[in-house]
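Novice: got a predicted model here, sequence first, then my questions.
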Amino acid sequence: MELVPTKRLELYSGRAHPALAEDIARHLGVQLGEPNLRQFSNGEIHCRFNESVRGADVFIIQTHSVPVNDSILEQLIMIDAAKRASAKRITAVCPYYGYARQDRKAEGREPITAKLLSDLLKAAGANRVVSVDLHSGQIQGFFDGPVDHLTAMPVLLEYLAGYDPQELVIVAPDEGRAKVASRFAERLDAELAVVYKKRSHGVVEAREVIGDVAGRRCVLIDDMIDTAGTILAAADILASRGAGEVWAMATHGVLSGPAIDRLKNSSLTRVVVTNTLPVPPEKQIDKLEVLSVAGIIADALDAVFEDTSVSDIFDGDNQS
């Protein structure tokens, strides 16, 4: 007698960004499970799933938002709980992957924390990782298991599709983002420009623009806006070169420290980010728009569960 096992998808979320997890669950047509997360008086985190996960395909969603270390440890604890409860496969869903900017040793005696975090996820029991727009594509190589590197490009492209491509110039804020900006420009049939910058003692200085931006709507494309130094340096030089309007678009709205005040008082007329990270009310300024990536994450999780291609969802644009 041949027994055909029944596949079960169980979806859980940490406390870093429950609104995104709920949106992903709605797209998948499933209910979020209850992990019963609580904190002891000394700050330690406890987790106990309400339902059995034995033999299930478990997806644990946690974006690594402030407080970053708490968010990461909470996800690790949930993964460990699922492993010890005999889950068949555990996927760590990290819309924003923490510590990603420390992906190499720029100087001696420095850590490579992007690799450290991948080791921690594996040690906790994660069989697979799903993330959106890693700071650098090579971070995928830090994992011994499969990584599904998603991109918010379809969401951002859909937003820009309503504008005349002849009016748009897609701008890379530095040389490192030129490849990504080139993909946007190609998909939109728009012009491309690149800002050359120099960073000295933590201060970003934009030096020159390669490309024609005079009188055009310039759209800066980056993976994240943290303190907004890079974006604003690029916006200022674009304005000085006669740009008609300057927008900024990024996947991750980290928006730490002076970012909101800087953006509010900048030459940027529009700032677009996605909801890989929560944007609290005090950071929701008039020129800021937040787009949802819940649909593309849900499609990717469904493909992982059904063992079909994730790359096909993005026409291969996620492979970098």
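Specialist: Okay, I see it.

Novice: from now on I want contacts and neighbour counts done on CA atoms only, so please keep to that.
Specialist: Noted.

Novice: determine the longest helix present in the chain.
Specialist: Longest among the helix segments of the chain by residue count, using DSSP state H, is helix 68-84.

Novice: what packs against that one?
Specialist: Packing partners of helix 68-84 (3 or more C-alpha pairs under 8 Å, 6 or more residues apart in numbering; DSSP states H and E): strand 45-46, strand 57-61, strand 89-94, helix 113-124.

Novice: direction included, what does the shortest one pair against?
Specialist: Going back to what we said before, that points to strand 45-46. Sheet pairing for strand 45-46, assigned by DSSP bridges, gives strand 38-39 (antiparallel).

Novice: what comes up buried for the longest helix of the chain?
Specialist: Using 16 or more other C-alpha atoms under 10 Å as the test for burial, helix 68-84 gives 70-83.

Novice: and if you look at stretch 19-26?
Specialist: Neighbour-count burial for stretch 19-26 flags 20, 21, 22, 23, 24, 25 (criterion: 16+ other C-alpha under 10 Å).

Novice: so, low pLDDT: which residues of this structure?
Specialist: Counting by pLDDT under 70, the chain contains low-confidence residues at 1-5, 198-206, 316, 318-320.

Novice: let's go with 90 and repeat that
Specialist: Scanning the chain for pLDDT under 90 picks out the ranges 1-7, 106, 136-138, 162, 174-176, 196-207, 230, 314-320.

Novice: per-domain residue ranges of it.
Specialist: If you go by automatic domain parsing, the domain ranges for the chain are 9-151+294-314, 153-291.

Novice: let me have the buried residues of helix 68-84 in TSV, extended by distance to residue 35.
Specialist: Listed next are the buried residues of helix 68-84 as TSV, based on distance: C-alpha to C-alpha, whole Å:
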residue	distance to residue 35
70	16
71	14
72	15
73	14
74	11
75	11
76	13
77	11
78	8
79	11
80	12
81	9
82	10
83	14
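
Novice: hmm, who's touching stretch 54-65?
Specialist: Stretch 54-65 is contacted from outside by 7-17, 21, 71-72, 75, 78-79, 82, 85-98, 254, 276-278, 305, using C-alpha atoms under 8 Å, 6 or more residues apart in numbering.

Novice: try stretch 208-225
Specialist: With C-alpha under 8 Å, 6+ apart as the criterion, stretch 208-225 contacts 133-135, 167-173, 177, 180-181, 192-197, 231, 234-235, 237-238, 241-255, 259.

Novice: out of those residues, list just those in helices.
Specialist: Checking these against DSSP H, those in helices are 180, 181, 231, 234, 235, 237, 238, 259.

Novice: mind putting those residues in JSON lines, neighbour count and distance to residue 223 included?
Specialist: Listed next are these as JSON lines, based on neighbours: other C-alpha atoms under 10 Å; distance: C-alpha to C-alpha, whole Å:
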{"residue": "180", "neighbour count": "19", "distance to residue 223": "9"}
{"residue": "181", "neighbour count": "26", "distance to residue 223": "10"}
{"residue": "231", "neighbour count": "26", "distance to residue 223": "11"}
{"residue": "234", "neighbour count": "29", "distance to residue 223": "14"}
{"residue": "235", "neighbour count": "27", "distance to residue 223": "16"}
{"residue": "237", "neighbour count": "18", "distance to residue 223": "20"}
{"residue": "238", "neighbour count": "28", "distance to residue 223": "19"}
{"residue": "259", "neighbour count": "18", "distance to residue 223": "15"}
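
Novice: how much space between residue 43 and residue 21?
Specialist: 24 Å (C-alpha to C-alpha, to the nearest Å).

Novice: er, residue 191 actually
Specialist: Taking C-alpha to C-alpha, one finds residue 191 at 36 Å from residue 21.

Novice: likewise residue 69?
Specialist: 19 Å.

Novice: and for residue 48?
Specialist: 18 Å.

Novice: and the buried residues of stretch 19-26, which of them are in helices?
Specialist: Judged by DSSP H, the subset of those located in helices is 20, 21, 22, 23, 24, 25.

Novice: that older thread, which of the contacts of stretch 54-65 are buried?
Specialist: 9-17, 21, 71-72, 75, 78-79, 82, 85, 87-98, 254, 276-278, 305.

Novice: from memory residue 85 sits against residue 48, does it?
Specialist: No. Between residue 85 and residue 48 there is no contact under C-alpha atoms under 8 Å: 9.6 Å.

Novice: so who does residue 244 touch?
Specialist: Neighbours of residue 244 in contact, by C-alpha under 8 Å, 6+ apart: 214, 215, 216, 217, 218.

Novice: and the buried ones among those residues, selectable in ChimeraX?
Specialist: In ChimeraX, a selection of the buried entries from the contacts of residue 244 looks like this (16+ other C-alpha under 10 Å):
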select :214,216,217,218
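
Novice: and which of the contacts of residue 244 is nearest residue 309?
Specialist: residue 218 (34.4 Å; C-alpha to C-alpha).
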